[in-house]
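**Q** one predicted model, sequence on top.
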Amino acid sequence: MARNLYLLSFLIPIVALNLQSVLSWRIQNSTNDISDSCPPQPHPFGMCKARVAAYGYPCEEYHVTTDDGYILSLKRIPYGLSDAGNSTGDTRTPVLLFHGLLVDGFCWVLSNPKQSLGFILADGGYDVWIANCRGTKSSRRHISLSPEDPAFWDWTWDELAAYDLPAVLRFVYNKTGGKKVHYVGHSLGTLIILAAFSENKLVDIVRSAVLLCPIAYLNRMRSRLILLAAHIFLAEKLHMLGYHEFNPIGRAAQEVLGEVCTDPEVDCYDMFSAVAGPDCCLNSSTACIFLQHGPQSSSMKNMIHMSQLVRKQVVRRYDYGKEKENMKHYGQPQPPVYNLSSIPRHIPLFLTHGGQDFLGDVPDTRHLLRTLVRQHDSDDIEVMYMPDYAHGDFIMGFNAPQLIYKPMVEFFKRH
């Protein structure tokens, strides 16, 4: 018995060291190919000069200050190459594009003008506006705080719905002479507009809303990586350790991988698919541009809020974890619920989701659809199901212009 204990005490450190070596290799191997073939290329000129103007399109940048003091970058492509004479855009209907989690507005112009939604809409006769939420590279300013202050990161998607979204939508509405705005959201960009609508906000200035792979209910998502991280309260642990900013290519992300990659069911060799699902329709050049420019910071508090959605079956505000704190912020012991069934039934909605999407998975999306369709006017809601599409295909798929964007524009024309 003593001999066995001695052998065990000798073997445990060896196994632990070997496991750490294997884990380190898996994490490094999952990013090495990316860094070798798609090295980061932060451009000093930003999206307008680096991407939009490079293709000959006009690009304007505005700065919008939210009611809680964040200064957001808002880009505009006022017209396309086919209508260069109409520099004012007076006859064009405005469209606001709002990105998802851990990316920014660059995602709408990742590919060439025939492939990217931002260019396609501009060439199609629309006045295109591209949002960048707080914390992203072009929206890291505040009237009194700096990104080095923990208070700068004291927000979740509750604040995106309550402050960022209204600020940019009303700016576009006012700047275009009171024209109602078509809205296009991807992923988290869908959640914040649903949250606003559920409280009967912004319905007076939104003409229609397009929800690309909408997320709301997340408790049945298929991403093993996200599920594991949420159920071991990983974001909460990192927040307690003093992480306030979550940079997807920074130290906090490495801490996440170090926790979840020990699970044999988590494929750390292909992180993109492990998180969002296996995309069917990405070409290598677009994926490379995304990896070079796409990853953006969010707040660790926001990651906690997203984890709460994964663990619960309701869509509700951030839970402070203690009844006393919730009472302080909300006047009740539990966070208020966003009642999605109360969304006004007259708002035209276009929803499209994918069968391979690990984040906006089919069961959760059907739950959302049952909530919306049951209440909505049948003439004002359209649903498209793409069985082969995963999360990234909706904004980067080479066939998205034909399969997704063309029906979307037809929807706009009807509303």
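**A** That came through, no problem. Please read all numbers here as calculations on a predicted model, not as lab measurements.
**Q** now do the same for Trp129: helix, strand or coil?
**A** Secondary structure of Trp129, reduced to three states by DSSP: H, G, I helix; E, B strand; the rest coil: strand.
**Q** skipping its backbone neighbours, what lies nearest Arg51 in space?
**A** Excluding the flanking residues, the one nearest Arg51 by CB to CB, 6 or more residues apart in numbering is Val109, at 4.9 Å. To be clear about C-beta, it is placed using only N, CA and C from the backbone, and glycine gets the same treatment.
**Q** pretty sure the one you found contacts Ala53?
**A** No - with contact defined as CB atoms under 8 Å, Val109 does not reach Ala53; the gap is 10.6 Å.
**Q** between the two, which is the more surrounded one?
**A** More neighbours surround Val109 than the other of Val109 and Ala53, with 30 against 14 (other CB atoms under 10 Å).
**Q** how close does that one sit to Val203?
**A** Spatial separation of Val109 from Val203 under the definition CB to CB, to the nearest Å is 29 Å.
**Q** and the most centrally placed residue in the chain, its phi and psi?
**A** Closest residue to the average C-alpha location of the chain: Gly100 at 1.5 Å, with CA atoms, centre = their mean. Reported as degrees, to the nearest 10, the phi and psi values for Gly100 are phi -100, psi -160.
**Q** that one is in contact with Val184, isn't it?
**A** No - assessed by CB under 8 Å, Gly100 is found out of contact with Val184, at 11.4 Å.
**Q** so what's the spatially closest residue to Tyr173 that is not a sequence neighbour up against?
**A** Beyond its immediate neighbours in the sequence, the residue positioned closest to Tyr173 (CB to CB, 6+ apart) is Ile205, lying 4.5 Å away. Contacts for Ile205 (CB atoms under 8 Å, 6 or more residues apart in numbering) come out as 169-170, 173, 180-181.
**Q** what of Gly105?
**A** Contacts here follow CB under 8 Å, 6+ apart; on that basis Gly105 touches 47, 73, 75, 97, 99, 130-132, 136, 138.
**Q** what strand or helix carries Arg170?
**A** Arg170 is located in helix 165-175, with elements delineated by DSSP states H and E.
**Q** and that helix, how far out from the chain's middle?
**A** Offset of helix 165-175 from its chain centre (CA atoms, centre = their mean, to the nearest Å): 20 Å.
**Q** also stretch 126-145?
**A** Using CA atoms, centre = their mean, we find the averaged C-alpha position of stretch 126-145 to lie 14 Å away from the chain's own average C-alpha position.
**Q** could you pull out the helices for the stretch 1-150 of the chain?
**A** Per DSSP state H, counting those that start in this stretch, the stretch 1-150 of the chain carries helices over the ranges 2-37, 46-47, 117-123.
**Q** wait, is Gln296 part of a strand?
**A** No - judged by three-state DSSP, Gln296 forms no part of a strand; its state is coil.
**Q** list the residues that contact it.
**A** Gln296 makes contacts with 102-104, 135-137, 248, as judged by CB under 8 Å, 6+ apart.
**Q** okay, now the sheet partners of the helix or strand just after the helix holding Arg170, with direction.
**A** Going down the chain from helix 165-175, the next helix or strand is strand 181-186, by DSSP H and E. Taking DSSP bridges as the criterion, strand 181-186 sits next to strand 93-98 (parallel), strand 206-212 (parallel) in its sheet.
**Q** out of those strands, flag the one nearest Cys268.
**A** Comparing the strands paired with strand 181-186 against Cys268 with CB to CB, the closest turns out to be strand 206-212 (26.9 Å).
**Q** what is the orientation angle of that closest one with helix 165-175?
**A** Between strand 206-212 and helix 165-175, the angle formed by their directions is 130 degrees, by axes from the mean of the first three to the mean of the last three CA atoms, to 10 degrees.
**Q** what helices or strands is the following helix or strand past strand 206-212 leaning on?
**A** Reading on from strand 206-212 to the C-terminus, the next helix or strand found by DSSP H and E is helix 224-231. Based on contacts counted as 3 or more CB pairs under 8 Å, 6 or more residues apart in numbering; DSSP states H and E, the elements that helix 224-231 packs against are helix 251-260, helix 271-276, helix 300-311.
**Q** one more pass at 10 Å, please.
**A** Packing contacts for helix 224-231, counted by 3 or more CB pairs under 10 Å, 6 or more residues apart in numbering; DSSP states H and E, involve helix 234-240, helix 251-260, helix 271-276, helix 300-311.
**Q** and the shortest one, what's its mean pLDDT?
**A** Just to be clear, that refers to helix 271-276. Averaging pLDDT along helix 271-276 gives 86.
**Q** can you give me the buried ones in it?
**A** Residues of helix 271-276 classed as buried by neighbour count (16 or more other CB atoms under 10 Å): 271-276.
**Q** check the first one too.
**A** Taking 16+ other CB under 10 Å as the neighbour-count basis, helix 234-240 is seen to contain the buried residues 234-236, 238-239.
**Q** go on, stretch 402-414?
**A** Neighbour counts over stretch 402-414 (16+ other CB under 10 Å) mark 403-405, 408-409, 411-412 as buried.
**Q** ok, so of those, who is nearest Asp158?
**A** Distances from Asp158 to those, taken as CB to CB, are shortest for Met408 (27.8 Å).
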